[in-house]
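Engineer: Test case, fold it:
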Amino acid sequence: MSLNTPVLLAVLLMVSNCAAGRPPSSTDQAPGLADCPNRPNCVSSLAGDEKHRVAPLTFCGSPAEAAARLVSVLEQLKGSKIVSQTDTAIRAEFTSTVFRFVDDVDFGFDAAHHRIDLRSASRVGYFDFGVNRRRVEEIRRRFDAASSSPAQPSP
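Structural biologist: So this is what the prediction gives:
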């Protein structure tokens with residue numbers, strides 16, 4: 001094995017990871033969100049372990065109102081793109097500015113319990129340096145702020 005062989009193997013591994021595409025999501029399979037892999041680059045409200053677990057979003061009112069509020073929040077965030085939306089799920093992608101890494105964020109609506117389960121995961125790599133957890137908490141902060149905004153008075 002020459003010195004270039006390890007470099008070639010590393011490049012091939014990176015290319016194969018990039019070609020993998022997006023993982024299954026709540027809009028691809030039922031029920032619920034895909035599990036987090038055993039890597040620190042994913043968080044989910046349905047995760048059984050603390051290192052991957054985040055709290056779900058909660059809402060009052062109808063799921064349709066909550067979905068509209070969530071879409072509004074997502075559209076305001078840098079690098080976001082809503083890929084699909086149904087009555088029970090929203091799928092978004094977030095692309096990083098510099099390296100153009102794509103993270104998948106899935107939301108599943110539980111109308112009976114007034115909650116939105118969520119999963120945010122990097123498509124490639126092992127570490128995300130807390131990006132997915134910070135993103136979820138920013139979405140939560142904005143979603144909660146939008147729900148507590150006073151209603152506009154009627155003219």
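Engineer: Lowest-scoring secondary structure element of this structure by mean pLDDT?
Structural biologist: Lowest by mean pLDDT, DSSP states H and E among the helices and strands of the chain is helix 4-18, with a mean of 39.
Engineer: Name the helix or strand for the residue most central in space within the chain, please.
Structural biologist: By Cα atoms, centre = their mean, the mean C-alpha position of the chain lies nearest to Val105, the distance being 1.9 Å. Assignment of secondary structure by DSSP states H and E places Val105 within strand 102-110.
Engineer: in its sheet, what does the next helix or strand after that strand sit against?
Structural biologist: Using DSSP H and E, the next helix or strand after strand 102-110 towards the C-terminus is strand 115-122. Strand 115-122 has these partner strands in its sheet, going by DSSP bridges: strand 42-44 (antiparallel), strand 57-58 (antiparallel), strand 102-110 (antiparallel).
Engineer: Need the winner for burial among those.
Structural biologist: strand 42-44 (a mean of 24; mean count of other Cβ atoms under 10 Å). Bear in mind the C-beta positions are built from the backbone N, C-alpha and C, glycine included.
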